[in-house]
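Student: Output the structure for:
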Amino acid sequence: MFATFSEAAHEQSLTGFSSADPLASSIEEARAKQDLYFQSLNQNLPEVSSEKDLEISGPCGNIPIRLVYPKVSGPLPCIIFIRGAGFWAGSLDSHARTIRSLSLLSDCVVCAIDYRRTPEFQYPTQRDEVLQLISWLRQNASQFGISRKFALFGESAGATIALSCALSLRDRGDQDISGLALFYTNAGGPNPAARAYSQWVWKQYLGHDGLSTNSNAVPILDDLHGLPPVWLGVGEDDPLMKDTVEVNRKIIASGGESTLITYPKLPHAFVMYSGTLKPAYEALKAAALACKDFLNHSN
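Tutor: Numbers count the residues shown, from 1 in each chain. Coordinates of the predicted model:
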């Protein structure tokens, strides 16, 4: 079933699809190419009990969400899934394998959000849509078989949004989130020495060139105190590994609880290969079990 990473990458290349570069084409063309790439990674999806696609009202209009149910009876805790893809790409379908597997591995309802993308919408739109979803879930939990226990799961750009949400909730004195599971967070803001794509991603998100002093938009600028327990996963070949390491260091330095797991020889976004790459599947399983533990030990 599983391959080494090099074999898995080769397998995907045989489909004829590769990740898109929004600097090399229009944003519409890049998204279309990226959608084909995502489709190639989401074949033969694991079977879940059910899925429900809904729209909820938000600060910029309706927000599409998807509720995914595991094969256990409820009411169940809920993991809110916030995708990566550089803030500019992706949809409810782009991470379908990850969402379904997360539900099955955790025995939780997973609620995925299709937040508005850059460059059309910039920070804090994405954060505020997730916060609106949290509020909606609190009000409607029982109607959808959810037990009003919530965790945040984010990867890459989605991990950054998750941290921004957790910091906003902390600053309000809101303690409804039981924990966070974050893969390879892009939380450090634009780096002048980084590749052009990384700088472009941050410019589209922040709405300006260069560094930011906003410690909610760029969570590493915060001391990261007062957060719920955090689980962090990153590949040792990830160019953003230092962001994850720094998030872990700051949480612990502030007196918080954080667990960091580094996965040998894996690159950025490796969880997308969980259908063919065993270390990616095992990493996703570890994150799912961390979420389950956060939720089971919450009040």
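
Student: If you count neighbours, what's buried in stretch 40-51?
Tutor: 40-42, 48, 51 (16 or more other CB atoms under 10 Å). Yep, even glycine has a C-beta here, placed from its N, CA and C like the rest.

Student: Looking at those residues, which one is closest to residue 182?
Tutor: Here the nearest of these to residue 182, counting by CB to CB, is residue 41; it sits at 20.3 Å.

Student: didn't the closest one look like it was pressed against residue 273?
Tutor: Yes - taking contacts as CB atoms under 8 Å, residue 41 lies within contact range of residue 273: 7.1 Å.

Student: Show the pLDDT at residue 224.
Tutor: With respect to pLDDT, residue 224 has a value of 98.

Student: Excluding covalently adjacent residues, which one is nearest to it?
Tutor: residue 250 (4.2 Å; CB to CB, 6 or more residues apart in numbering).

Student: how far is the helix or strand containing the one you found from where the chain is centred?
Tutor: Following DSSP states H and E, one finds residue 250 within helix 241-253. With CA atoms, centre = their mean, to the nearest Å as the basis, helix 241-253 stands 17 Å off its chain's centre.

Student: Mean confidence (pLDDT) on it, please.
Tutor: Mean predicted lDDT for helix 241-253 stands at 98.

Student: I'd like the next helix or strand past it.
Tutor: As the chain continues past helix 241-253, the following element, by DSSP H and E, is strand 258-263.

Student: Can you list the buried residues in that following strand?
Tutor: Quick answer for strand 258-263 (16+ other CB under 10 Å): 258, 260, 263.

Student: Give me the contacts around that strand.
Tutor: 229-236, 241, 244-245, 247-248, 251-252, 270, 279, 283, 286, 290 (CB atoms under 8 Å, 6 or more residues apart in numbering).

Student: just the angle between that strand and helix 241-253, please?
Tutor: Strand 258-263 runs at 150 degrees relative to helix 241-253, counting by axes from the mean of the first three to the mean of the last three CA atoms, to 10 degrees.

Student: Could you export strand 258-263 as PDB, CA atoms only?
Tutor: This file holds the C-alpha atoms of strand 258-263, laid out as PDB (Å, rounded to 0.1, in the frame of the first residue of the first chain):
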ATOM      1  CA  SER A 258       3.600  21.800  23.400                       C
ATOM      2  CA  THR A 259       4.700  18.600  21.700                       C
ATOM      3  CA  LEU A 260       7.000  18.700  18.700                       C
ATOM      4  CA  ILE A 261       7.600  15.700  16.400                       C
ATOM      5  CA  THR A 262      10.100  16.000  13.500                       C
ATOM      6  CA  TYR A 263       9.700  13.500  10.700                       C
END
